[in-house]
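**Student:** return atomic coordinates for the entry below.
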Amino acid sequence: MIGYVTLGTNDLPRAAKFYDALAAELGTGRMMEFDTFIAWGTPGGGAGIGLTKPFDGQAATIGNGVMAAFEARDQAQVDRLYQIALENGGTDEGAPGPRGEGFYAGYFRDPDGNKLNAYVMG
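**Tutor:** Numbering: from 1, shown residues only. You can find the predicted model right below:
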């Protein structure tokens with residue numbers, strides 16, 4: 001299984017504000033931090049997410065077809081995470097709603113253009 005996901009950023013302070021807000025709603029926070037890298041999650045918990053300025057010094061770019069997903073407690077939390085994302089510099093990629101039987105999700109991009117979603121099964 002996935003231990004963590006790392007996404008690139010060109011503006012770590014701006015991106016950190018975005019992910020701090022999402023992490024707070026998910027009941028977690030920063031668990032590792034360096035000048036060019038921050039990771040959010042709970043040690044011993046589920047998969048976390050990290051942001052980094054690329055090690056090679058080149059600009060961070062988004063991956064076509066790449067998406068990281070945040071598991072929510074319920075549909076109301078999916079709705080809140082989607083709204084928090086938009087309020088903190090994210091952009092809409094698909095408002096929260098049912099996506100097939102037993103799957104509810106909202107899609108958005110972070111300030112660097114990385115595609116994310118919040119979802120709940122059932």
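**Student:** report the buried residues of stretch 90-99.
**Tutor:** 90, 96 (16 or more other CB atoms under 10 Å). Heads up, the C-betas are built off the backbone N, CA and C, glycines and all.
**Student:** again with stretch 47-57
**Tutor:** 48, 49, 50, 51, 52, 53.
**Student:** what comes into contact with it?
**Tutor:** Contacts to stretch 47-57, defined as CB atoms under 8 Å, 6 or more residues apart in numbering, come from residues 1-10, 12, 15-16, 19, 28, 31-32, 36-42, 60, 68.
**Student:** helices - which of the residues you listed land there?
**Tutor:** Mapping the contacts of stretch 47-57 onto helices (DSSP state H) picks out 12, 15, 16, 19.
**Student:** are any of the residues you listed buried, and if so which?
**Tutor:** Here, 16+ other CB under 10 Å leaves 12, 15, 16, 19 buried among the ones in helices among the contacts of stretch 47-57.
**Student:** now do the contacts for the second one.
**Tutor:** Under the criterion of CB under 8 Å, 6+ apart, the contact partners of residue 15 comprise 9, 51, 110, 111, 112.
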